[in-house]
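> no FASTA, just this:
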């Protein structure tokens, strides 16, 4: 049995990035990684619930590979656009 679930692990990762940015504000601010989850548990309100933990995207299983690739590509393009604006 895992020690943490995906939401707990995501929150911990986000907290690490926030703490690093607080300790070293003179450096380029590090953005936490984008997190995509696939779940069989997507009910009304679940997506807004998981976003509280820092989840970027939430999709139901099964997910077509083409859709997953499209989502990843879109997030990469968004990240690149954010970097270009800095």
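Looks like it came in fine. Bear in mind the structure is a predicted one, so any value in this text is a computation, not a measurement.
> and the most centrally placed residue in the chain, what is it in contact with?
Centroid-nearest residue in the chain: residue 35, 2.4 Å away (criterion: CA atoms, centre = their mean). Applying CB atoms under 8 Å, 6 or more residues apart in numbering, we find residue 35 in contact with 10, 13, 54-57. To be clear about C-beta, it is placed using only N, CA and C from the backbone, and glycine gets the same treatment.
> distance to residue 22 and neighbour count added to the residues you listed, as a markdown table?
What follows is these, written out as a markdown table (distance: CB to CB, whole Å; neighbours: other CB atoms under 10 Å):
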| residue | distance to residue 22 | neighbour count |
| --- | --- | --- |
| 10 | 19 | 20 |
| 13 | 15 | 15 |
| 54 | 16 | 20 |
| 55 | 22 | 20 |
| 56 | 22 | 16 |
| 57 | 26 | 17 |
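> just the ones of these in helices?
Judged by DSSP state H, helices contain the following of the contacts of residue 35: 10, 13.
> max pairwise distance over the contacts of residue 35: which two?
Greatest spacing in the contacts of residue 35, by CB to CB: 13 and 57 (15.3 Å).
> how close does residue 72 get to residue 34?
For residue 72, the distance to residue 34 (CB to CB, to the nearest Å) stands at 9 Å.
> local confidence estimate at the residue of the chain most remote from its centre?
The centre of the chain is farthest from one residue, residue 26, which by CA atoms, centre = their mean lies 24.6 Å away. At residue 26, the model reports a pLDDT of 76.
> good, we can wrap up now.
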